[in-house]
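Asks: Quick check, what structure comes out for this input:
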Amino acid sequence: MQNTSLRRAWRMLSCSTALALVAACAEPFDPDLRDMGNGFDTSAAALNPPPRPRPDDRGVISYPNYQVAVAREGDTVVSLASRLGLEAGAIARYNGISPDSTLRGGEVIALPSRVAEPSPATGAQTTGPITPSNPPVSAGRIDVTTLAGAAIDR
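Replies: Below is the predicted model of the structure:
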C-alpha cells in the first residue's frame, strides 16, 4: 500500500514539474531540427517561392484537387461569392472566417466546391486545372510546345 502511494506521489511531482517547465516558456516550443542528421534544409525554398499562377478574370486558380480565388482590393466574402456564383456562407465556413469579412487584395481564399474551369473565355491562358502537362505561364512567356502538346492530348 505504501509503495503505491509513493509511486502516485512521484508521478504527481513529475507531472507538476513538467507542467511548470512548459508553462514557464515565454515563446512557443518550436525546435529547429535542420542541423541534425543529413542536413535536410528547406530554407531556400521558403525564401524563394515560385511565383503564384496568374488567376483568370474572376480571380480563380484551378488545381487538379482544389480551386482558390484571389481577392481583389475591397472585396468581401459576399462580393467574391457573388462573382463566382457560390454561397457566401459556404465560403466563409470553409475558410473559417465571417461572411461579412473584408478581404485584402491578393488574399487567397479556398473554394468549398469547384466552379467552371478557367478558360480563354474567363481570361485564362489555358483551359482546365494547372497540371504538369498544363503549367502556368512563367515570366509572361508561354511554352508553345507544352501548350500544343496538352491541347493535342486533350
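Asks: any idea which helix or strand carries residue 21?
Replies: helix 2-23 (DSSP states H and E).
Asks: just residue 94 next, same as before
Replies: Per DSSP H and E, residue 94 falls inside helix 88-95.
Asks: Residue 69 contacts residue 55, correct?
Replies: Yes. Between residue 69 and residue 55 there is a contact at 7.4 Å, judged by CB atoms under 8 Å. (Each C-beta comes from the backbone N, C-alpha and C, glycine too.)
Asks: So those two - more neighbours on which side?
Replies: Per other CB atoms under 10 Å, whichever of residue 69 and residue 55 has more neighbours is residue 69, with 25 against 20.
Asks: Wasn't that one part of a helix?
Replies: No. Assigned with DSSP: H, G, I helix; E, B strand; the rest coil, residue 69 falls outside any helix and is strand.
Asks: shared neighbours, residue 69 and residue 55?
Replies: Common contact partners of residue 69 and residue 55 (CB atoms under 8 Å, 6 or more residues apart in numbering): residue 61.
Asks: Now the helix holding residue 94: buried residues?
Replies: 88, 91-92, 95 (16 or more other CB atoms under 10 Å).
Asks: for it, packing partners?
Replies: helix 77-84, strand 108-110 (3 or more CB pairs under 8 Å, 6 or more residues apart in numbering; DSSP states H and E).
Asks: Low-confidence ranges, this protein, go.
Replies: Residue ranges of the chain with pLDDT under 70: 1-2, 26-41, 132-154.
Asks: now do 50
Replies: 139-140 (pLDDT under 50).
Asks: before we move on, the earlier item: okay, the buried residues of helix 88-95 in CSV with distance to residue 117 next?
Replies: Shown next, in CSV, are those (distance: CB to CB, whole Å):
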residue, distance to residue 117
88, 22
91, 18
92, 23
95, 21
